[in-house]
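>>> Let's see this in three dimensions:
(one chain, ligands or ions: 1)
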Amino acid sequence: EGALRAFTAAGEGEPDPLDQACWALGWERAEPLWVERVSRPSNLPPILRQESRGRALGILPIRLGEETVGIAWLAFAQPQRVSASEQSLARLILSQAAVFIARARLYEAAMAERERLRAVLESSPDVLLMMDARGNLLYLNPAAERFLGLESPKALGQPVVALLRDAELLELLNEPIPPAQIQSREFSRPDGRTFWAGRYDLRLGDGREIGRLLFVRDITPFKALDRLKSDFIAAISHDLRSPLTYVRGFVTMLGMAGPLTSRQREYIEKIMGGIDQITRLIEDLIDLKRIEEGIGQRGICRMSDLLRDVFHELRPHAMARGLRMVMEVKGQGIVHGDSAWLRRAIVNLVDNAIKYTPEGGTITLGLLEQGGEVVIWVRDTGVGIPPADQARIFEKFYRVRRKETAHIKGSGLGLALVKSIVEWHGGRIWVESQLGQGSTFYLAIPAASIPSSAPPAQGTRNR
Ligand code: ADP
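I've put the predicted structure just below:
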């Protein structure tokens, strides 16, 4: 028969003084407070004494676990003892209220999360679009609207295939990819801009696909920078080679000009070491330029043989550094390519594995044939590569800056060369690495389809 009023701290408008008084009383309690008859000299706040004098009153905290999330108060017209069954009815009602409050909070949190996510997606300069399992457009951000020349309300729900104009994007969207992998490719538009596009499949725990995410980034400025680096390389590499040959020649002749002290011989050795390092750098630069210009000759290459060659060539070097080297070759790995370039790519990867793996480690060279590709990997148990650097190590001159590897010499060109070689062959390169655990570099090159009667031969290179 009482009047029940419940409220939470987040109520709207000016707080009612009566509510406030009840809140102050109920806030710290775990259990309800029942007053049979509010009398003048009670220890209740004046406003309650005034308003409810001579009546019964209940102040009931609404609890969610250990937390008080609201207060209800129950005022009766007459003084009365509230029976146990009435008390448990009130409790029941309030536990329902607690459930509603919990739901409202959850909803609020989900909405806030959604808004945050929306802000990130909407403000991204990268093009993002999502489609459902049937290939219909679910979402596109403002960058995607601009990129595709579409308006969200009209485009939503339409088949994505009908909305894309770039053949490369369509291909990327439709080609089969292994689960949990990002498939990516570069493409150019007639206006000269270059883009990098990636696709990721959204799957449920049981592997069912529920949609696809497509993202596109404008990499035109990076391409321009890359071209600048190439031009610079082209300009200086040849000019550096001849004075260096000259210096090397005369340093070699020093010994012929007269007897040398042991200290002089030691210095000459150091100078020759330096000259060798610069020579290697210049050779890398020249090679990089050649492969970027597309100089190479295609022939049938058996990658398993190439891998074995490199294995036997570099194993003594690895063993001298206290490293174990093993092979896991499954298949022949026939590709249509330039064997000298491919060999160079594998040597660079194994060289790195040797350089960046401390004594006692293992280097594995592997090959397998999968989905029309020959996949080669070089795995080490070395220092690993921080995630932020993994995306950049294939750039020219990029080296990871860490105290542990500061003493290791290199030009930062090795992986750029490997990447260029792989791309010349229409293949892909990627790395998986964990700091302190090791790294695995993968090369995937399209497998050659050759008639089974044709004996595979090593390709030759004409440079
Ligand atoms: P560098 O001449 O510096 O070795 P690379 O282009 O071959 O140049 O490699 C670029 C950078 O990538 C290296 O400086 C190194 O930090 C990192 N890196 C390459 N291979 C490995 C590896 N197997 N383990 C750890 N870090 C590596």
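>>> Going by residue numbers, what spans are helices in the chain?
17-26, 46-51, 84-123, 142-148, 152-155, 160-163, 167-174, 220-253, 262-292, 303-320, 339-355, 387-390, 414-424 (DSSP state H).
>>> How about the residues of the chain by the ligand?
Proximity of the chain to the ligand (Cβ under 6 Å from any ligand atom) is limited to residues 352-353, 356, 380, 382-385, 393, 398-400, 405, 410-416, 439. In short, each C-beta sits where N, CA and C put it, glycine included.
>>> ok, of the residues you listed, which come out buried?
Neighbour counting by 16 or more other Cβ atoms under 10 Å classes 352-353, 356, 380, 382-385, 393, 399-400, 410-411, 413-416, 439 among the residues of the chain next to the ligand as buried.
>>> Next step: these restricted to strands.
Members of these lying in strands (criterion: DSSP state E): 380, 439.
>>> for the stretch 351-463 of the chain, which spans come out with low pLDDT?
Along the stretch 351-463 of the chain, segments meeting pLDDT under 70 span 450-463.
>>> swap the cut-off to 50 and go again
Along the stretch 351-463 of the chain, the model assigns pLDDT under 50 to residues 453-463.
>>> okay, now the residue nearest to residue 347 when sequence neighbours are not counted: neighbour count?
In space, and not counting its chain neighbours, residue 347 is closest to residue 310: 5.6 Å by Cβ to Cβ, 6 or more residues apart in numbering. Number of residues near residue 310 (other Cβ atoms under 10 Å) recorded here: 23.
>>> Repeat that for residue 15.
Number of residues near residue 15 (other Cβ under 10 Å) recorded here: 12.
>>> Please give me every residue in contact with it.
Neighbour list for residue 15: residue 23 [criterion: Cβ atoms under 8 Å, 6 or more residues apart in numbering].
>>> do the same with the one 3 residues further on
For residue 18, the contact set (Cβ under 8 Å, 6+ apart) comprises 47, 48, 51, 73.
>>> repeat for residue 315
Per Cβ under 8 Å, 6+ apart, neighbours of residue 315: residue 325.
>>> Relative to residue 78, how far out is it?
Per Cβ to Cβ, to the nearest Å, residue 315 is found 98 Å from residue 78.
>>> my guess is residue 431 contacts residue 385, does it?
Yes: counting by Cβ atoms under 8 Å, residue 431 touches residue 385, with 6.7 Å between them.
>>> returning to what we had before: turn the contacts of residue 18 into CSV, including neighbour count, distance to residue 426 and pLDDT.
Formatted as CSV, those follow (neighbours: other Cβ atoms under 10 Å; distance: Cβ to Cβ, whole Å; pLDDT from 0 to 100):
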residue, neighbour count, distance to residue 426, pLDDT
47, 14, 82, 83
48, 22, 83, 82
51, 15, 84, 79
73, 25, 76, 87
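>>> In CSV, list these along with distance to residue 157.
Below are these laid out as CSV (distance: Cβ to Cβ, whole Å):
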residue, distance to residue 157
47, 58
48, 58
51, 58
73, 51
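>>> can you tell me which of these lies nearest to the ligand?
The ligand has its nearest neighbour among these in residue 73, at 67.4 Å by Cβ to the nearest ligand atom.
>>> And for the residue lying closest to that closest one once chain neighbours are set aside, the neighbour number?
Nearest residue to residue 73, sequence neighbours excluded (Cβ to Cβ, 6+ apart): residue 22, at 4.3 Å. Neighbour count of residue 22, defined by other Cβ under 10 Å: 28.
>>> wait, isn't residue 22 in contact with residue 70?
No: contact criterion Cβ under 8 Å: residue 22 and residue 70 do not qualify, at 10.6 Å.
>>> now, the most widely separated pair of the contacts of residue 18?
Taking Cβ to Cβ as the measure, the contacts of residue 18 span a maximum distance of 11.9 Å, between 47 and 73.
>>> can you give me the mean pLDDT across stretch 326-340?
For stretch 326-340, mean pLDDT is 95.
>>> what's in contact with that stretch?
By Cβ under 8 Å, 6+ apart, the residues outside stretch 326-340 that reach it are 296-304, 306-308, 311, 342, 362-369, 374, 376, 421, 424-425, 445-448, 450, 456, 458-461, 463.
>>> mind running it again at 7 Å?
Here stretch 326-340 makes contact (Cβ atoms under 7 Å, 6 or more residues apart in numbering) with 296-304, 306-307, 311, 362, 364-369, 374, 425, 445-448, 450, 456, 458-459, 461.
>>> Same question for stretch 367-376.
By Cβ under 7 Å, 6+ apart, stretch 367-376 touches 303-304, 307, 329-331, 333, 335, 346, 366, 442-447.
>>> try 8 Å
In this structure, residues lying in contact with stretch 367-376 by Cβ under 8 Å, 6+ apart are 176, 178, 303-304, 307, 328-331, 333-335, 346, 365-366, 377, 427, 442-447.
>>> does residue 209 really touch residue 133, like I thought?
Yes: look at residue 209 against residue 133 with Cβ under 8 Å: they come within range, at 5.6 Å.
>>> just to revisit the earlier point, could I have the buried ones of the contacts of stretch 326-340 as ChimeraX selection syntax?
Selecting only the buried entries of those in ChimeraX, with 16+ other Cβ under 10 Å as the criterion:
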select :296,298,299,300,301,302,303,304,306,307,311,362,364,365,366,367,369,374,425,445,447,448,456,459,461
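>>> end-to-end on stretch 23-36?
Stretch 23-36 has an end-to-end distance of 19 Å (Cα to Cα, to the nearest Å).
>>> Mind listing what's buried along that stretch?
Residues of stretch 23-36 classed as buried under the neighbour-count rule (16+ other Cβ under 10 Å) are 23, 25, 26, 32, 34, 35.
>>> Go ahead and confirm the first one touches residue 71.
Yes: Residue 23 is within contact range of residue 71, at 5.1 Å (criterion: Cβ under 8 Å).
>>> any shared contact partners between those two?
Counting by Cβ under 8 Å, 6+ apart, the residues touching both residue 23 and residue 71 are residue 7.
>>> got any ranges where this protein has weak pLDDT?
In the chain, residues with pLDDT under 50: 453-463.
>>> give me that answer again for 70
Across the chain, the ranges flagged by pLDDT under 70 are 1-2, 9-13, 450-463.
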